[in-house]
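**Student:** Let me see the structure of the following:
(3 chains)
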Amino acid sequence: MGRQPCCDKVGLKKGPWTAEEDQKLVRFLLTHDHYCWRVIPKLAGLLRCGKSCRLRWINYLRPDIKRGLLSDEEEKLVIDLHMQLGNRWSKIAAQLPGRTDNEIKNHWNTHIKKKLRRMGIDPVTHLPMQEIHPLEQPRQQQPSSQLDDAELSLRLDNEDEKAIVPMIQPPQEITAVPPPKGNCSTTFGMDVADCPEPMCLSGIGMDGITEAGWDSFAYGGLGVDPFDQYYPGGGFDPTGSDAILGTLHID
DNA sequence: AACCGTATCAACCGCTTCGCA
DNA sequence: GTGCGAAGCGGTTGATACGGT
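**Tutor:** This is a model prediction of the structure:
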(Lines give C-alpha, C1' and ligand atoms only; values in the text may rest on other atoms or scores of the structure.)
Protein backbone atom coordinates (compact mmCIF):
# COMPACT_ATOMS: atom_id res chain seq x y z
CA MET A 1 0.00 0.00 0.00
CA GLY A 2 0.94 3.58 0.23
CA ARG A 3 2.24 5.93 -2.29
CA GLN A 4 4.90 4.83 -4.66
CA PRO A 5 8.13 6.75 -4.35
CA CYS A 6 8.75 9.28 -7.07
CA CYS A 7 11.63 7.20 -8.25
CA ASP A 8 13.57 4.10 -7.43
CA LYS A 9 15.52 5.27 -4.43
CA VAL A 10 17.66 2.18 -4.07
CA GLY A 11 21.24 3.15 -4.63
CA LEU A 12 20.45 6.77 -5.25
CA LYS A 13 22.70 9.40 -3.81
CA LYS A 14 21.41 12.09 -1.47
CA GLY A 15 22.87 15.19 0.03
CA PRO A 16 24.96 17.97 -1.40
CA TRP A 17 25.79 17.93 -5.08
CA THR A 18 29.37 17.70 -6.22
CA ALA A 19 30.87 19.80 -8.99
CA GLU A 20 31.11 16.67 -11.10
CA GLU A 21 27.42 15.96 -10.71
CA ASP A 22 26.58 19.53 -11.55
CA GLN A 23 28.70 19.29 -14.65
CA LYS A 24 27.01 16.09 -15.76
CA LEU A 25 23.57 17.52 -15.30
CA VAL A 26 24.33 20.81 -17.01
CA ARG A 27 26.05 19.06 -19.87
CA PHE A 28 23.09 16.81 -20.39
CA LEU A 29 20.53 19.59 -20.20
CA LEU A 30 22.54 21.59 -22.67
CA THR A 31 22.62 18.91 -25.26
CA HIS A 32 19.27 17.21 -24.85
CA ASP A 33 15.68 18.11 -24.59
CA HIS A 34 12.27 16.52 -24.61
CA TYR A 35 13.04 14.23 -21.69
CA CYS A 36 11.15 14.01 -18.45
CA TRP A 37 12.99 14.62 -15.24
CA ARG A 38 12.56 11.05 -14.20
CA VAL A 39 14.79 9.68 -16.92
CA ILE A 40 17.31 12.50 -16.97
CA PRO A 41 19.50 11.20 -14.13
CA LYS A 42 19.82 7.84 -15.81
CA LEU A 43 20.66 9.32 -19.16
CA ALA A 44 23.01 11.85 -17.64
CA GLY A 45 24.81 9.21 -15.62
CA LEU A 46 23.70 10.52 -12.27
CA LEU A 47 22.75 8.50 -9.22
CA ARG A 48 20.07 10.99 -8.30
CA CYS A 49 16.33 11.02 -8.54
CA GLY A 50 14.67 13.22 -11.09
CA LYS A 51 13.25 15.46 -8.44
CA SER A 52 16.66 16.13 -7.06
CA CYS A 53 17.97 16.98 -10.53
CA ARG A 54 15.10 19.32 -11.17
CA LEU A 55 15.60 21.09 -7.88
CA ARG A 56 19.30 21.44 -8.40
CA TRP A 57 18.78 22.89 -11.85
CA ILE A 58 16.04 25.28 -10.83
CA ASN A 59 17.72 26.55 -7.71
CA TYR A 60 21.39 26.59 -8.60
CA LEU A 61 22.37 25.59 -12.08
CA ARG A 62 20.02 27.72 -14.11
CA PRO A 63 22.10 30.32 -15.87
CA ASP A 64 19.95 33.27 -14.93
CA ILE A 65 20.11 32.74 -11.20
CA LYS A 66 20.92 35.84 -9.21
CA ARG A 67 23.18 35.18 -6.27
CA GLY A 68 23.50 37.17 -3.11
CA LEU A 69 21.11 38.86 -0.78
CA LEU A 70 17.92 40.42 -2.02
CA SER A 71 18.13 44.11 -2.71
CA ASP A 72 15.97 46.58 -0.81
CA GLU A 73 13.62 46.82 -3.73
CA GLU A 74 13.36 43.06 -4.03
CA GLU A 75 12.74 42.72 -0.34
CA LYS A 76 9.97 45.27 -0.38
CA LEU A 77 8.46 43.60 -3.38
CA VAL A 78 8.53 40.26 -1.60
CA ILE A 79 6.73 41.80 1.35
CA ASP A 80 4.13 43.38 -0.88
CA LEU A 81 3.58 40.18 -2.79
CA HIS A 82 3.47 38.09 0.34
CA MET A 83 0.82 40.41 1.68
CA GLN A 84 -1.33 39.61 -1.32
CA LEU A 85 -0.36 36.05 -2.13
CA GLY A 86 0.66 34.54 1.18
CA ASN A 87 3.20 31.72 1.14
CA ARG A 88 2.95 31.17 -2.59
CA TRP A 89 6.66 31.37 -3.04
CA SER A 90 6.70 30.31 -6.64
CA LYS A 91 4.23 33.03 -7.53
CA ILE A 92 6.30 35.56 -5.64
CA ALA A 93 9.49 34.31 -7.25
CA ALA A 94 7.89 34.73 -10.66
CA GLN A 95 7.87 38.46 -10.06
CA LEU A 96 11.55 38.57 -9.17
CA PRO A 97 13.67 37.64 -12.15
CA GLY A 98 16.57 35.41 -11.26
CA ARG A 99 15.27 34.57 -7.84
CA THR A 100 13.97 31.14 -6.91
CA ASP A 101 11.07 30.23 -4.71
CA ASN A 102 13.42 28.38 -2.39
CA GLU A 103 15.68 31.39 -2.05
CA ILE A 104 12.81 33.74 -1.36
CA LYS A 105 11.29 31.30 1.10
CA ASN A 106 14.57 31.02 2.96
CA HIS A 107 15.10 34.77 2.93
CA TRP A 108 11.63 35.32 4.22
CA ASN A 109 12.04 32.87 7.06
CA THR A 110 15.49 34.04 8.09
CA HIS A 111 15.44 37.78 7.46
CA ILE A 112 12.14 39.38 6.59
CA LYS A 113 10.09 37.62 9.26
CA LYS A 114 12.38 38.94 11.96
CA LYS A 115 12.41 42.43 10.57
CA LEU A 116 8.64 42.54 10.44
CA ARG A 117 8.36 41.22 13.97
CA ARG A 118 10.78 43.83 15.19
CA MET A 119 8.57 46.39 13.54
CA GLY A 120 5.62 44.94 15.40
CA ILE A 121 4.09 43.50 12.28
CA ASP A 122 2.72 40.02 12.16
CA PRO A 123 4.55 38.40 9.23
CA VAL A 124 1.56 36.19 8.54
CA THR A 125 -1.20 38.76 8.45
CA HIS A 126 0.95 41.84 7.81
CA LEU A 127 -1.12 43.57 10.45
CA PRO A 128 0.15 45.18 13.62
CA MET A 129 0.61 42.58 16.32
CA GLN A 130 -2.04 42.90 19.01
CA GLU A 131 0.21 42.08 21.87
CA ILE A 132 3.50 43.80 21.79
CA HIS A 133 6.06 43.07 24.42
CA PRO A 134 6.53 46.06 26.72
CA LEU A 135 10.14 46.41 25.66
CA GLU A 136 9.03 46.49 22.08
CA GLN A 137 6.31 49.08 22.54
CA PRO A 138 6.55 51.77 19.95
CA ARG A 139 7.74 55.10 21.20
CA GLN A 140 5.16 56.86 19.15
CA GLN A 141 2.43 55.98 16.82
CA GLN A 142 2.55 56.87 13.21
CA PRO A 143 -0.19 56.00 10.81
CA SER A 144 1.00 53.62 8.17
CA SER A 145 -0.29 55.87 5.49
CA GLN A 146 2.44 58.29 6.42
CA LEU A 147 5.09 55.71 5.82
CA ASP A 148 6.50 56.08 2.38
CA ASP A 149 8.76 53.58 0.69
CA ALA A 150 11.92 55.33 1.76
CA GLU A 151 10.85 55.23 5.36
CA LEU A 152 9.88 51.59 5.16
CA SER A 153 13.16 50.75 3.54
CA LEU A 154 15.06 52.61 6.20
CA ARG A 155 13.27 50.73 8.90
CA LEU A 156 13.71 47.40 7.24
CA ASP A 157 17.39 48.09 7.01
CA ASN A 158 17.80 49.00 10.62
CA GLU A 159 18.62 45.66 12.18
CA ASP A 160 19.00 47.13 15.64
CA GLU A 161 15.79 49.03 15.72
CA LYS A 162 13.85 47.70 18.67
CA ALA A 163 10.92 50.03 18.90
CA ILE A 164 9.53 50.63 15.53
CA VAL A 165 6.02 51.68 14.88
CA PRO A 166 4.21 48.73 13.42
CA MET A 167 2.39 49.20 10.19
CA ILE A 168 2.27 48.46 6.62
CA GLN A 169 -0.85 48.95 4.69
CA PRO A 170 -1.56 46.97 1.60
CA PRO A 171 -0.18 48.83 -1.34
CA GLN A 172 -2.52 50.51 -3.72
CA GLU A 173 -1.19 48.39 -6.46
CA ILE A 174 1.40 45.77 -7.07
CA THR A 175 4.46 47.30 -8.58
CA ALA A 176 5.73 44.11 -10.08
CA VAL A 177 5.97 43.96 -13.82
CA PRO A 178 3.76 41.23 -15.19
CA PRO A 179 5.59 38.37 -16.79
CA PRO A 180 6.10 38.72 -20.50
CA LYS A 181 4.33 36.36 -22.81
CA GLY A 182 6.49 34.08 -24.80
CA ASN A 183 8.30 31.00 -23.69
CA CYS A 184 7.36 28.56 -21.06
CA SER A 185 7.80 29.25 -17.45
CA THR A 186 6.06 30.56 -14.48
CA THR A 187 9.32 30.67 -12.61
CA PHE A 188 10.97 32.80 -15.24
CA GLY A 189 8.07 35.02 -15.81
CA MET A 190 7.10 33.27 -18.97
CA ASP A 191 3.92 31.59 -19.92
CA VAL A 192 3.73 27.86 -19.50
CA ALA A 193 0.74 27.66 -21.75
CA ASP A 194 2.85 28.85 -24.64
CA CYS A 195 5.26 26.01 -24.30
CA PRO A 196 4.82 23.69 -27.23
CA GLU A 197 6.95 20.94 -25.78
CA PRO A 198 5.96 18.22 -23.36
CA MET A 199 8.78 19.18 -21.11
CA CYS A 200 10.33 22.52 -20.64
CA LEU A 201 13.24 21.59 -18.41
CA SER A 202 12.02 23.51 -15.46
CA GLY A 203 10.29 25.89 -17.66
CA ILE A 204 12.98 27.87 -19.32
CA GLY A 205 12.54 26.44 -22.76
CA MET A 206 15.69 24.49 -23.39
CA ASP A 207 14.82 24.32 -27.05
CA GLY A 208 15.37 27.97 -27.44
CA ILE A 209 18.59 27.82 -25.55
CA THR A 210 20.12 24.92 -27.35
CA GLU A 211 19.07 26.18 -30.73
CA ALA A 212 20.05 29.76 -30.27
CA GLY A 213 22.91 29.16 -27.89
CA TRP A 214 23.42 30.38 -24.37
CA ASP A 215 24.64 33.74 -25.53
CA SER A 216 21.20 34.60 -26.70
CA PHE A 217 19.53 33.28 -23.62
CA ALA A 218 17.67 35.96 -21.77
CA TYR A 219 20.06 36.95 -19.06
CA GLY A 220 19.06 40.31 -17.91
CA GLY A 221 20.96 41.94 -20.71
CA LEU A 222 24.27 41.15 -19.13
CA GLY A 223 25.65 39.60 -22.25
CA VAL A 224 27.59 37.08 -20.25
CA ASP A 225 28.02 33.50 -21.21
CA PRO A 226 26.66 31.88 -18.10
CA PHE A 227 28.78 28.80 -18.46
CA ASP A 228 31.89 30.86 -18.19
CA GLN A 229 30.58 32.00 -14.85
CA TYR A 230 29.85 28.61 -13.40
CA TYR A 231 31.11 27.90 -9.97
CA PRO A 232 30.63 24.71 -8.01
CA GLY A 233 28.09 24.79 -5.31
CA GLY A 234 26.70 28.00 -6.58
CA GLY A 235 25.81 27.67 -10.20
CA PHE A 236 26.74 30.79 -12.12
CA ASP A 237 28.03 34.15 -11.21
CA PRO A 238 26.09 36.61 -13.30
CA THR A 239 28.46 39.40 -12.50
CA GLY A 240 31.45 37.65 -13.88
CA SER A 241 33.37 38.88 -10.90
CA ASP A 242 36.44 37.44 -9.31
CA ALA A 243 34.21 35.41 -7.05
CA ILE A 244 34.15 32.67 -9.63
CA LEU A 245 35.45 29.54 -8.01
CA GLY A 246 35.63 27.31 -10.99
CA THR A 247 34.81 27.00 -14.64
CA LEU A 248 32.70 24.44 -16.36
CA HIS A 249 33.86 23.45 -19.76
CA ILE A 250 31.28 22.26 -22.20
CA ASP A 251 32.59 20.41 -25.19
C1' DA B 1 41.52 27.36 21.64
C1' DA B 2 37.42 25.11 22.64
C1' DC B 3 32.79 24.95 23.27
C1' DC B 4 28.09 26.20 22.55
C1' DG B 5 24.11 28.50 20.66
C1' DT B 6 22.24 30.66 16.64
C1' DA B 7 21.75 31.68 11.76
C1' DT B 8 21.76 30.32 7.16
C1' DC B 9 20.53 27.81 3.21
C1' DA B 10 20.81 23.60 0.29
C1' DA B 11 18.27 19.66 -0.11
C1' DC B 12 14.63 16.41 0.98
C1' DC B 13 9.82 14.91 1.78
C1' DG B 14 5.25 14.55 0.91
C1' DC B 15 1.14 16.64 -0.74
C1' DT B 16 -1.25 18.98 -4.60
C1' DT B 17 -1.96 20.05 -9.26
C1' DC B 18 -1.87 19.10 -14.00
C1' DG B 19 -2.10 16.54 -18.23
C1' DC B 20 -3.15 12.58 -20.62
C1' DA B 21 -5.16 8.07 -21.78
C1' DG C 1 -15.58 10.99 -15.40
C1' DT C 2 -11.73 8.44 -13.56
C1' DG C 3 -7.17 6.89 -12.65
C1' DC C 4 -2.39 7.30 -13.10
C1' DG C 5 2.10 9.34 -13.65
C1' DA C 6 4.95 13.42 -13.71
C1' DA C 7 5.84 18.00 -12.35
C1' DG C 8 5.27 21.68 -9.15
C1' DC C 9 5.02 23.51 -4.70
C1' DG C 10 5.63 24.57 0.16
C1' DG C 11 7.07 22.91 4.73
C1' DT C 12 10.73 20.98 7.10
C1' DT C 13 15.24 19.14 8.10
C1' DG C 14 20.11 18.84 8.60
C1' DA C 15 24.80 20.27 7.71
C1' DT C 16 27.70 23.98 7.98
C1' DA C 17 29.20 28.65 9.11
C1' DC C 18 29.45 32.14 12.27
C1' DG C 19 29.62 34.73 16.53
C1' DG C 20 29.86 34.99 21.48
C1' DT C 21 31.74 33.45 25.82
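
**Student:** Kindly list the main-chain dihedrals of the residue of chain A found nearest DNA strand C?
**Tutor:** Nearest residue of chain A to DNA strand C: A:Cys36, at 2.8 Å (CB to the nearest atom of the strand). Every C-beta, even on glycine, is put in place using the N, C-alpha and C of the backbone. For A:Cys36, the backbone dihedrals are phi -90, psi 160 (criterion: degrees, to the nearest 10).

**Student:** What's the local residue count around it?
**Tutor:** Neighbourhood size, A:Cys36 [other CB atoms under 10 Å]: 11.

**Student:** quick one: it and A:Lys51 touch, right?
**Tutor:** No - applying CB atoms under 8 Å, one finds A:Cys36 not in contact with A:Lys51, separated by 11.4 Å.

**Student:** Which per-residue confidence value corresponds to A:Pro41?
**Tutor:** Per-residue pLDDT puts A:Pro41 at 89.

**Student:** A:Pro97 - how many residues pack around it?
**Tutor:** 17.

**Student:** Spit out the residues that contact A:Cys36 and A:Lys51 alike.
**Tutor:** Common neighbours of A:Cys36 and A:Lys51, counting by CB atoms under 8 Å, 6 or more residues apart in numbering, are absent.

**Student:** if I look at A:Glu75, how far off is A:Leu85?
**Tutor:** Here A:Glu75 is placed at a distance of 15 Å from A:Leu85 (CB to CB, to the nearest Å).

**Student:** Equivalent analysis for A:Pro41, please.
**Tutor:** Computed with CB to CB, the distance linking A:Pro41 and A:Leu85 is 32 Å.

**Student:** Among the two, which residue is more densely surrounded?
**Tutor:** For A:Pro41 versus A:Leu85, the count of surrounding residues by other CB under 10 Å is larger for A:Pro41: 24 against 15.

**Student:** wait, isn't A:Tyr35 in contact with A:Lys42?
**Tutor:** No - checked against CB under 8 Å, the pair A:Tyr35 and A:Lys42 is beyond contact range at 9.6 Å.

**Student:** neighbour-wise, which of these two wins?
**Tutor:** A:Tyr35 (18 against 14).

**Student:** Distance-wise, check the more buried one relative to A:Leu25.
**Tutor:** In this structure, A:Tyr35 and A:Leu25 are 12 Å apart, going by CB to CB.

**Student:** Which SSE is immediately downstream of the helix or strand where A:Ser90 lies?
**Tutor:** Per DSSP states H and E: A:Ser90 is located in helix A:89-94. Later in the chain than helix A:89-94, the nearest helix or strand by DSSP H and E is helix A:101-107.

**Student:** Now that following helix: buried residues?
**Tutor:** For helix A:101-107, burial by neighbour count (16 or more other CB atoms under 10 Å) applies to A:Asp101, A:Glu103, A:Ile104, A:Lys105, A:His107.

**Student:** Stretch A:115-135 now?
**Tutor:** Per 16+ other CB under 10 Å, stretch A:115-135 contains these buried residues: A:Lys115, A:Leu116, A:Arg118, A:Met119, A:Gly120, A:Ile121, A:Pro123, A:His126, A:Pro128, A:Met129.

**Student:** does DNA strand C sit close to the strand or helix carrying the second one?
**Tutor:** Yep, that's A:Leu116 we're talking about. For A:Leu116, the host element (DSSP H and E) is helix A:113-118. No - Helix A:113-118 lies out of reach of DNA strand C by CB under 7 Å from any atom of the strand, never closer than 11.3 Å.

**Student:** average pLDDT across that helix?
**Tutor:** Confidence over helix A:113-118 (mean pLDDT, whole number) is 85.

**Student:** cool, and stretch A:129-136?
**Tutor:** pLDDT averaged over stretch A:129-136 gives 51.
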